[in-house]
Structures are given as structure tokens and as C-alpha cells.
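>>> pasted the sequence and its predicted model underneath.
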Number of protein chains: 4
Amino acid sequence: MSKTTPLMLQLSSADPRPIVRQIGDGIRRAIASRELPVGAQLPSVRGLAQQLTVNPNTVAKAYSELAAEGWIDSRQGLGLFVAAPRQMLSDAERSRRLGIAIDTFAADVVGLGYPLSHVIDQVKAALKPVLNKRTA
Amino acid sequence: MSKTTPLMLQLSSADPRPIVRQIGDGIRRAIASRELPVGAQLPSVRGLAQQLTVNPNTVAKAYSELAAEGWIDSRQGLGLFVAAPRQMLSDAERSRRLGIAIDTFAADVVGLGYPLSHVIDQVKAALKPVLNKRTA
Amino acid sequence: MSKTTPLMLQLSSADPRPIVRQIGDGIRRAIASRELPVGAQLPSVRGLAQQLTVNPNTVAKAYSELAAEGWIDSRQGLGLFVAAPRQMLSDAERSRRLGIAIDTFAADVVGLGYPLSHVIDQVKAALKPVLNKRTA
Amino acid sequence: MSKTTPLMLQLSSADPRPIVRQIGDGIRRAIASRELPVGAQLPSVRGLAQQLTVNPNTVAKAYSELAAEGWIDSRQGLGLFVAAPRQMLSDAERSRRLGIAIDTFAADVVGLGYPLSHVIDQVKAALKPVLNKRTA
DNA sequence: GTGGTCTAGACCACG
DNA sequence: GTGGTCTAGACCACT
């Protein structure tokens, strides 16, 4: 009875991220912000592929990565569903990944010419809806 | 008689970024933090390649990208020098890039389970030395 | 200078595991048993695909899963290398996975008619060379 | 007048195994542990399907696989009954299947970081109630 | 209908 | 040369 949530995903060819990543990131964000609640069914591989006009394999790959990371569960013949949140990674690995993400981010924004306060404000605005939600 | 600044660059094979990007990011960071001041001469392609034990083509590629982005200027027969800060990107482009960087960052840290405050603190610490320097 | 280790992999069509899994499991075993030491270069995607007469994409998929699990590191343009061991998973997740693995194993051996002692002996023999090695 | 044994089966959507396999494995385990003794009648396809709220086709498929493997016998018009234990597989086939099960298990637990003794203890605990029962 | 696997072949970035 | 991405299309298992 769980209806498939529409899911607004915007692919952009100007975005340097590969399509698979854009899809995965978009869904990750939707799950973290509870736009897609636990147990919700995701659009089918073929359906989403058609909606985004990309190859079904591309969608399938994004989905399978999300499944490997514990964001979604796959049920043979039924579809894909938002999984209950659980901590997959060790503390050491989480800390390591945070460091990498910050280094990458720093390299990306250096040279854009924005003052620190502006960048921080934007980061806060982007993270607020996706952090501290799934454990609330 | 501007002496070539030594330039401490640490390439890491554990770092997922390709070597070209590690070099470019490292130099970009050094310029932004004024470790390499305006007018300072950069190491030669061959010299840096030897120092880092990488292919000279890789260094040359990193340099040419930095030049295209306006970070460094090449003076024929003399070498490469840190350029005066100037903004080469349109406001729309800068804003778009910031948005993408933030999206990517958000996707990376979501699911790590850290509270917003912790992430923000880390980001601030990482950005402080590289932002607000060249525009000061 | 690190020569590619030959790597004996036996694919079997009688094996119910999909090819991707057989490849991944085989390499995981080789790394865990230190047959492939840390830093060793793995056979190239195309090379291994040719050796096993499977599609390069299949090998690439197996490799990318191993990379996601932290077994190997990929270096653009250079190849794939055995990564230094690190604990990626949280205690809760490790315990969960052990439980699933044991349940699956139990379901597989029930009905084969072997006495408990025989099964345990075989399991011990199989696990001895792959457990307690990477931390030794 | 053999009454249908209630049969406690727990289907879990968190379990990665497909439903057919969960049903088959559950019944196999119940028979092996003598929870379902030889001659006991199994619930009807429709009854079990209703109890588990799954498609009757799924239950029927699970039953037909169990029958093919010799676990249960169908008596026309009467229903399905637990068969007397017999070995339908050749020694070579049994040995091959044990090998595959052990390989899969080893690949699953390698990398979890548990000491051999801990894994063996858990395996013993899981196998004790289902092995050495039907041949005793 | 659903997802999962596999093949084939193309194009790109990196060194 | 290396790996990474994407498309196209086929076949299978599950519900």
C-alpha cells in the first residue's frame, strides 16, 4: 500500500559529478531529510531511468551502491525500500571520511572568493535539514 | 632575483584524488594561504616532477590548469609566478560552483552521524587559513 | 616495480554464486591470506577479464565492490593495489553480519547429512589461513 | 488424524534472502531439528500463505522445492507430510556443496575481524540443534 | 511487474 | 597503458 513517492531529482550536465553520483546523492539527501521516510518505496529502476532519461543500468548502479551503504533495502520482485537507519561505520572510519570530505570541500571553495562567514552560512543551511534527523 | 619558494607538497597514495588534482589543490591552497605570496616563483616543471617523483607531464598539466584559472602567470623564459588575485569567474558561475561543492559535501557527511555543530567546527578550522586572505 | 602477482582464480559455472561474487570472494581470500600482500598490484581489469574469459565490466564491478569495502585502492591511470587493512565497520554491524553469515551457512549445510564435527573441522581448516592474519 | 503442526515461521523484510528461501530454509530447519517430526503434516499452501501474508505461489514454490529435495512427501488429496530422512545426493555432490557453503561463509566473515575461536563457537551453537538429529 | 547479472562496445580522464 | 562512466540489450529469479 506504500505509494511510491514522486521524488524530485534534477540531473545537470553542468554538474561535474557523474550521473550515478548525482542520483545517489539526491536520494541520500531525500532519505536523510526524511522526505523519503523509512519504509517508503523508491521508484522502480526502469521507472526512474525513464523519468530521468538515463540508462536503467545507471539507476541500478546508484541503487546498488545505496543498498551497500545501508540506505535502502532491496526485496527481490518487490522493489526497493528506505531502510531503517543504522550505524554501519566504525568511529575511525567515520572520522577518516569526515576529514576527506572537508579537505575536498576546502579545495573546491578556495579561490571562489567568498568570505568564510558566507560559506559557513550556506553549509549550515544545507546541512540543517539532513543532519540530526534520522536519529531524532 | 625572486628565489623559488621551496613549496612543501605532500602527495599521498591513500588520498583518493588523482595526482594532478593533489598537486593543483596543494598549490592553490599555498597561494590562498599566502604561503606563496604574489610574485613568488614556482618550482620548474621538471624540478617539481623530480621532487615529487611523478611524471613531468602531470606537473605540466596541473600548472596549465592553474594558469587557466588565473592563479599563476607564465613569463616567457623566466618561469611561473604567483599572479595577483583577480576574480575570473562570473557571480553566477561562482555561486553555482559553491552550490555543487556544498551538495557534494553534504552527501559525503550525511550518514556519518555527526552533529551539525561538530561538522561546522571542523569546516571552520579547515577554511580559516585559506579564506579571507587574498581579499583582505 | 611491484610486479603483478599471477593470482590463481577458478571460476566454476557449477558454483551457484554469480561470477562477480566468485571473483570478489577469491580476491578477498587471497588478500586475507596474505597471498596478495599489502601494496601488491592487482591484475588489470582488462587483463583479468581476458584471463577468466569474462567481460571487463564484470571484473570492474568486482573490483569496485572490493574498493568500496576497503580491500583495495584504485589509482587513476596506475592500477589497483591491495590496501592497508583497516576496520571499516562498527561493532554492531560486524556482529549483525556475522549472524547473517552463520544463518545462511546453517541453512546451506542442513540436509547435507554431515556430522557436526566434520563440518566444524572443515570450517576451521578454511578459516585458519584467512583469519588473524592481517592483524598479526 | 495427524494434526497439522502450528509451525512458527518468522519472515523478516530485513533478511536479505528472498521469501521463497526464507520459507524453505525455515521448514528445512524445523524438520532437521525434529521440531517437525517425520510424518507430521505441513500447513496447506493457502493456509501458510495466509498466515505469512505472502503470495500462495511463493509458498507452493517453496514446497515443491522441498519435495524435490526429498524433505517432504505429497499424498494426493491428503496434504503434505514430513518425509523419512534419506540421502538423495551423491557423496561428490554433497562434498561440493559443503565446499561452496564454506567458501561463501569464509568470504563473508573474513574482514569482520573476529578471532577464529569466536567464529567457531558461534557456528557450533547455530549448528548443534540442526545437525546430528536425523541420522541419530 | 520487480531487481540482479552479464555481455558488448563506446568514450573519457589519468599517467 | 590504466580505471571510470554510460549506453544498449539480453536473460534470469522472484512475487
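Thanks, I have it.
>>> what sits against the residue nearest to A:Gln87 when sequence neighbours are not counted?
Nearest residue to A:Gln87, sequence neighbours excluded (CB to CB, 6 or more residues apart in numbering or on different chains): C:Ser90, at 4.9 Å. In this view, the C-beta of every residue, glycine as well, is placed from N, C-alpha and C. Contacts for C:Ser90 (CB atoms under 8 Å, 6 or more residues apart in numbering or on different chains) come out as A:Gln87, A:Met88, A:Leu89, A:Ser90, A:Asp91.
>>> can you tell me which of these are in helices?
Counting by DSSP state H, those place A:Asp91 in helices.
>>> could you identify the most distant pair in the contacts of C:Ser90?
A:Met88 and A:Asp91 (11.9 Å; CB to CB).
>>> more neighbours: the two, which one.
Taking other CB atoms under 10 Å in any protein chain shown, A:Met88 and A:Asp91 do not tie; A:Met88 has more neighbours (21 against 12).
>>> and the pLDDT for that one?
For A:Met88, the pLDDT comes out at 96.
>>> and A:Val38, how many neighbours?
With other CB under 10 Å as criterion, A:Val38 counts 12.
>>> near DNA strand E, which residues of chain A are found?
Within chain A, the positions near DNA strand E by CB under 7 Å from any atom of the strand are A:42, A:44-47, A:57, A:60, A:63-64, A:67, A:74, A:76-80.
>>> between those, which sits nearest D:Ala126?
The nearest member of these to D:Ala126, counting by CB to CB, is A:Gln76 at 24.3 Å.
>>> wait, doesn't that closest one sit right on D:Pro18?
Yes. Between A:Gln76 and D:Pro18 there is a contact under CB atoms under 8 Å: 4.4 Å.
>>> who's more crowded, these two?
D:Pro18 (14 against 11).
>>> chain A: helices as residue ranges?
Ranges of helices within chain A are A:19-32, A:45-52, A:56-68, A:91-109, A:116-127, based on DSSP H.
>>> dump those into a markdown table; add distance to C:Ile120 and mean pLDDT as well.
Conversion of the helices of chain A to a markdown table gives the following (distance: least, CB to CB, whole Å; pLDDT from 0 to 100):
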| stretch | distance to C:Ile120 | mean pLDDT |
| --- | --- | --- |
| helix A:19-32 | 42 | 97 |
| helix A:45-52 | 42 | 97 |
| helix A:56-68 | 31 | 97 |
| helix A:91-109 | 32 | 95 |
| helix A:116-127 | 50 | 97 |
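>>> what's the most buried one of the ones you listed?
Mean neighbour count (mean count of other CB atoms under 10 Å in any protein chain shown) peaks for helix A:19-32 among those, with a mean of 21.
>>> show the contacting residues for A:Ser74.
So A:Ser74 contacts A:Tyr63, A:Ser64, A:Ala67, A:Leu80 (CB under 8 Å, 6+ apart).
>>> and it, how close does it get to A:Leu131?
26 Å (CB to CB, to the nearest Å).
>>> ok, back up a step: identify the farthest-apart pair in the residues of chain A next to DNA strand E.
A:Asn57 and A:Leu78 (20.2 Å).
>>> check chain A and tell me which residue is nearest its centre.
Nearest to the mean C-alpha position of chain A, counting by CA atoms, centre = their mean, stands A:Arg28 at 2.1 Å.
>>> leaving out the residues flanking it, which one is nearest to A:Lys61?
In space, A:Lys61 is closest to A:Val20, 5.3 Å off (CB to CB, 6+ apart).
>>> pretty sure that neighbour is in contact with A:Tyr63, am I right?
No. Contact criterion CB under 8 Å: A:Val20 and A:Tyr63 do not qualify, at 9.8 Å.
>>> so what sits against both of these two?
Counting by CB under 8 Å, 6+ apart, nothing touches both A:Val20 and A:Tyr63.
>>> mind listing what the residue nearest to the centre of chain A touches?
A:Arg28 touches A:Leu66, A:Trp71, B:Ala107, B:Val110, B:Gly111, counting by CB under 8 Å, 6+ apart.
>>> which two of those have the greatest separation?
The largest separation in the contacts of A:Arg28, counting by CB to CB, is between A:Leu66 and B:Val110 at 11.9 Å.
>>> any idea how many residues pack against A:Gly39?
12.
>>> that one touches A:Phe81, doesn't it?
Yes. Taking contacts as CB under 8 Å, A:Gly39 lies within contact range of A:Phe81: 6.0 Å.
>>> quick one: the closest residue to DNA strand F within chain A from B:Thr104, how far?
Sorted by distance to DNA strand F under CB to the nearest atom of the strand, the residues of chain A start with A:Gly77, at 2.3 Å. In this structure, A:Gly77 and B:Thr104 are 34 Å apart, going by CB to CB.
>>> and chain A, which of its residues are near chain D?
The interface of chain A toward chain D, taken as CB under 8 Å from any CB of the partner chain, is made up of A:Asp73, A:Arg75, A:Gln76, A:Gly77, A:Phe81, A:Ala84.
>>> how about these in CSV, adding distance to chain C and pLDDT?
Formatted as CSV, these follow (distance: CB to the nearest CB, whole Å; pLDDT from 0 to 100):
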residue, distance to chain C, pLDDT
A:Asp73, 13, 96
A:Arg75, 16, 93
A:Gln76, 14, 89
A:Gly77, 17, 91
A:Phe81, 18, 96
A:Ala84, 12, 95
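>>> show me which pair in those residues is furthest apart.
With CB to CB as the measure, no two of those lie farther apart than A:Gly77 and A:Ala84, at 21.1 Å.
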